[in-house]
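1. my questions are about this predicted structure, shown below with the sequence.
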Amino acid sequence: MSVGKRIYLQREMPDPEIVEQFKSIPASNTADVMGRSCAMNPRIHLVSKPKAQMMAGPAYTVKCRAGDNLTLHAALNFCHEGDVLVVSNEEDDTRALMGEIMMAYLRYTKKVAGIILDGPIRDIDEIGNWDFPVYCTGTTPGGPYKEGPGEINVPIACGGVSVKTRASWPPPRTAPPSAAGWRSPWRRRATRSSTACITPDSPRFLCAPQLRPPQAAAGELNQNKRMRR
């Protein structure tokens, strides 16, 4: 696969129980124990009305050419239930990457946990009232190009933050028990996985390289407080 057109379908998934526990921790606390350097630029903000206080799930990264959503269409076919789509758009804000039709497919058919776009969307009058987490930079009626290129499940930059998935090639023989601390000679390159941890009151995406139980993160936070005294 040539650079610029890579699509990785195999990922090393984190433990679902650990991901679920992150829903009980404020995103600001998670950011604090990660060196206070993992929050996306506030230009990416919540534009919908989800009832749940937190959104968490494994990142499904999509690297788009500025103002082009061809690769995003491919991601709609390959993503899985519970994923959080994280879309890089080269910080373009002139063309909407998605509208109601694509967003409804993600929400009702694919049942993803939510989506984060470093770019605008359209059909905000409808999407803005959904009980579905949608984070983006704004809205515009201008539609996207559909020419490519683009990549899926590769490291991307979104909102000034590096977001990575554990893409494997060749795929491992067996699924790993969790994303943290797993090593395999089958993996061509060791990468870190990411998880989204967002609250409506603090709309930030946190790139959590090593998923640890929330209790461990809380313990580290307490230790940092003692060190500052």
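-> On my side now, so go ahead. Only a predicted model underlies this, so the values are computations on that prediction, with no experimental measurement involved. Residues are numbered from 1 along each chain as shown.

2. hey, where'd the helices end up in this structure?
-> Taking DSSP state H as the test, the helices found in the chain are 16-21, 27-32, 70-78, 100-104, 124-127, 214-228.

3. and those helices, which one averages the lowest pLDDT?
-> Lowest mean pLDDT within the helices of the chain: helix 214-228, a mean of 48.

4. ok, and the closest non-adjacent residue to Gly142?
-> The spatially closest residue to Gly142, leaving aside those adjacent along the chain, is Arg95, at 4.7 Å (C-beta to C-beta, 6 or more residues apart in numbering). (C-beta placed from N, C-alpha, C; glycine too.)

5. next one: Gly4
-> Pro149 (4.5 Å).

6. how many residues are close by that neighbour?
-> Look at Pro149: counted by other C-beta atoms under 10 Å, it has 15 neighbours.

7. elements contacting the longest strand anywhere in the chain?
-> Counting by DSSP state E, the longest strand found in the chain is strand 55-64. Here strand 55-64 touches helix 16-21, helix 70-78, strand 84-88, strand 150-152, strand 156-158, strand 195-198, going by 3 or more C-beta pairs under 8 Å, 6 or more residues apart in numbering; DSSP states H and E.

8. between those, which gets nearest to Ile121?
-> Minimum separation from Ile121 across the helices and strands packed on strand 55-64 (C-beta to C-beta) falls at strand 84-88, 10.2 Å.

9. what sits up against that closest one?
-> Here strand 84-88 makes contact (C-beta atoms under 8 Å, 6 or more residues apart in numbering) with 55-64, 72, 75, 79, 97, 106, 112-119, 156-158, 163, 194-196, 205.

10. wait, what's in contact with the spatially closest residue to Met54 that is not a sequence neighbour?
-> Excluding its sequence neighbours, the residue lying closest to Met54 (C-beta to C-beta, 6+ apart) is Lys23, at 4.2 Å. For Lys23, the contact set (C-beta under 8 Å, 6+ apart) comprises 52-56, 197.
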